[in-house]
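Colleague: can't give you the sequence, but here's the structure:
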């Protein structure tokens, strides 16, 4: 439940019964594809790459949606966003295949409320002087 927002004055248990939804989107651009669209860093199987203009950069937009069920299980779905309205809200999506997912590596680091756990302190080394 840590990654789902719980409004002030509400309890996490109450929110969980409502099956809250969390979504994260990422826009991935491939400027290295160049004019021929060929480069080792561009996965060959992405059929959902879009180019907005004749001289535009190839890109994909991906959305991860997670729903926290009342029993504590998280149902996740990864989709391509194929079209969006003027406000940027997705209007047409397609499920991402396992094959496509195999070409993506994402590292998610949950937010921590304890800053000292993320930071370490090291003594500043003293300047060595020659004798």
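Modeller: Done, it's in. Just so it is clear, the structure is predicted and the values come from calculations on it, not from any experiment.
Colleague: use CA for all of it now, contacts and neighbours both
Modeller: Will do.
Colleague: all helices of this protein, in order?
Modeller: For the chain, the helices defined by DSSP state H occupy 12-17, 98-101.
Colleague: let's have these in a markdown table, adding mean neighbour count.
Modeller: As requested, the helices of the chain are arranged in a markdown table below (neighbours: other Cα atoms under 10 Å):
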| stretch | mean neighbour count |
| --- | --- |
| helix 12-17 | 14 |
| helix 98-101 | 11 |
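Colleague: lowest average confidence across those, which one?
Modeller: Among these, helix 12-17 has the lowest mean pLDDT, at a mean of 76.
Colleague: so who does residue 93 touch?
Modeller: 79-83 (Cα atoms under 8 Å, 6 or more residues apart in numbering).
Colleague: can I get the helices of the chain in TSV with distance to residue 29?
Modeller: As requested, those are arranged in TSV below (distance: least, Cα to Cα, whole Å):
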stretch	distance to residue 29
helix 12-17	35
helix 98-101	16
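Colleague: do you know which of the ones you listed lies nearest residue 31?
Modeller: helix 98-101 (19.5 Å; Cα to Cα).
Colleague: can you map out the strands along the chain?
Modeller: Here the chain has its strands, by DSSP state E, at 21-29, 59-68, 74-84, 90-95.
Colleague: out of these, nearest to residue 12?
Modeller: strand 59-68 (11.3 Å).
Colleague: just the strands of the chain: most buried one?
Modeller: Neighbour counts (mean count of other Cα atoms under 10 Å) averaged over each of the strands of the chain peak at strand 59-68, with a mean of 18.
Colleague: pLDDT averaged over that strand - what is it?
Modeller: Strand 59-68 comes out at a mean pLDDT of 88.
Colleague: show me where pLDDT drops low in the chain?
Modeller: 1-3, 34-47, 106-131 (pLDDT under 70).
Colleague: distance check, residue 94 against residue 48.
Modeller: 9 Å (Cα to Cα, to the nearest Å).
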